[in-house]
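In: curious how this folds, go ahead:
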Amino acid sequence: MDTTPKTWRLRVELDDSPGALARVTIRLADQDCNVLSLSVIPVPGGVLDELVVRAGPGLLPADLVAAVRAEGGRCVGITAADVRDLVDAPTAALRAAGHAMRDPGAVCDALRAVLAADSVSFLPDAAADDREVEATGPSAELRHSNTARLVTKNGVVVLARRGWSPFTQVELARGQALVDLLSDEGVAMPRSTALLTDDGMAVVLRPGRAGDEEAVARLHSRCSMGTLFNRYHAGVRTVPRRWLHRLLSPPRGTTVVAQCADRVIAMGQLIPMASPHSAEVSLLVEDGWQGRGVGTGLLGALARAAGADGRRELVGWCLPAETGLLRTAARAGLPTSVRREDGLLRVSITPDRTRIPGPGLLESASRPIASG
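Out: Next comes the predicted model:
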């Protein structure tokens, strides 16, 4: 068992009684936990207490939740934390705003930081499919939800999602303020980009979203067993429904889909790794569209997003005989290096922004890769 202490971010509802929070912290201390920071978040009818806790060796998240419950509290959410979570919210928001104003490619990363969101994506306008949206931003009646909708002054819709805890009104107001500030300063919001394939077909690259679940399921059904095996390293024929949401909204990651007319023909993912400078990349391209530049365009878009987010390495995993990712990276002009790990090829790609043609895309964000 891994006994390395880990840091967790907890949101807790406690009874409004003297000493309730002190009793929780004492119980955590009895389990060798160190409370690194504490903040109070106003919510309708009361407050939430947010604690960043360094857990004792071998202690699991369930143990922390049990400690809160033992003192009559309710754990609203828990997620892994890092040193950035020790910065107070106003400071984090100011830093994020400055980062986005200096580098428009970092808009999504800034919004994720301010909202503590797992993913942020953009829709073309405010008339976009509202069926995807479970809650609206502070400009309208807000329901307690894990999905938030913000609208820029020029009509671009921002969707933020997170699984670990519902958004609060304070967080959404802060996110809307950042969106308004960036709009006032003329910072361009990410939008979809167009791609012309080698044989002249028009393809749109855009963020994946919840409404794409059926289209992505059909994409998988049209792929050959070989293509799916190269992507998942398993004999997948259909994608379980529970996978689709995670494919389209990976925690803290990015999904980009390639669409021709009304059909999703390819998708790519960018998932941050433990190192802040690396991200894992994966591609799936429908058989009939392979070798036509779709995978190259997807990889280039993901590399631009990674470069804008400060990533210096993209990592892909391939079967020893699979060369599709290497060919795709070469066509995109991206330097690569390869080594064997655990029976697979670990392909390291350098997202050199000066060598990637085309405009920036959408947002910055398992394992294996399909040919492109």
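
In: burial measure for T152, as a count.
Out: 18 (other CB atoms under 10 Å). Placement of C-beta: from N, CA and C, glycine included.

In: return the residues in contact with it.
Out: For T152, the contact set (CB atoms under 8 Å, 6 or more residues apart in numbering) comprises 158, 179-180, 182-183, 189.

In: now a ChimeraX select for only the buried ones of those residues.
Out: Of the contacts of T152, the buried ones go into a single ChimeraX selection, burial set by 16 or more other CB atoms under 10 Å:
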select :158,179,182,183,189
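
In: so of the contacts of T152, which ones are in strands?
Out: Secondary-structure check on those using DSSP state E: residues within strands are V158.

In: in JSON lines: the contacts of T152, plus distance to A266 and pLDDT.
Out: Compiled in JSON lines, the contacts of T152 are given as follows (distance: CB to CB, whole Å; pLDDT from 0 to 100):
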{"residue": "V158", "distance to A266": "24", "pLDDT": "84"}
{"residue": "V179", "distance to A266": "30", "pLDDT": "89"}
{"residue": "D180", "distance to A266": "35", "pLDDT": "89"}
{"residue": "L182", "distance to A266": "30", "pLDDT": "85"}
{"residue": "S183", "distance to A266": "31", "pLDDT": "82"}
{"residue": "M189", "distance to A266": "24", "pLDDT": "64"}
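
In: now the residue nearest to M201 when sequence neighbours are not counted: how far from L270?
Out: On the basis of CB to CB, 6 or more residues apart in numbering, the spatially nearest residue to M201 that is not a chain neighbour turns out to be C260, at 6.2 Å. Counting by CB to CB, to the nearest Å, the gap between C260 and L270 amounts to 22 Å.

In: so between the two, which is more surrounded?
Out: The residue with more neighbours, out of C260 and L270 and counting by other CB under 10 Å, is L270; that gives 27 against 17.

In: list phi and psi for that one.
Out: Here is the backbone geometry of L270 (degrees, to the nearest 10): phi -130, psi 120.

In: how about G291, secondary structure?
Out: When the structure is reduced to helix, strand and coil (DSSP: H, G, I helix; E, B strand; the rest coil), G291 reads as coil.

In: for V239, what are its contacts?
Out: Applying CB under 8 Å, 6+ apart as the definition, the contact partners of V239 turn out to be 216-217, 220, 247.

In: one more time with 7 Å
Out: Remark: with contacts taken as CB atoms under 7 Å, 6 or more residues apart in numbering, V239 is in contact with 217, 220.

In: for it, what are phi and psi?
Out: In terms of degrees, to the nearest 10, the main-chain angles of V239 are phi -100, psi 120.

In: show me the shaky parts of this structure.
Out: In the predicted model, the chain carries pLDDT under 70 at residues 1-5, 83-85, 103-106, 123-144, 188-192, 251, 308-309, 352-372.

In: the helices in it, which residues?
Out: When assigned using DSSP state H, the helices of the chain occupy the ranges 20-30, 61-70, 89-102, 107-115, 169-184, 213-222, 225-232, 241-248, 294-308, 324-331.

In: which helices and strands sit right next to the longest one?
Out: Just to be clear, that refers to helix 169-184. Counting contacts by 3 or more CB pairs under 7 Å, 6 or more residues apart in numbering; DSSP states H and E, helix 169-184 is packed against helix 89-102, helix 107-115, strand 147-151.

In: nearest to L319, of these?
Out: helix 107-115 (31.7 Å; CB to CB).

In: I'd say L86 and L36 touch.
Out: Yes: the pair formed by L86 and L36 meets the contact definition of CB atoms under 7 Å, at 5.9 Å.

In: intersection of neighbour lists for those two?
Out: Contact criterion CB under 7 Å, 6+ apart; residues shared by L86 and L36: V52.

In: neighbour count winner among these two?
Out: The residue with more neighbours, out of L86 and L36 and counting by other CB under 10 Å, is L36; that gives 16 against 13.
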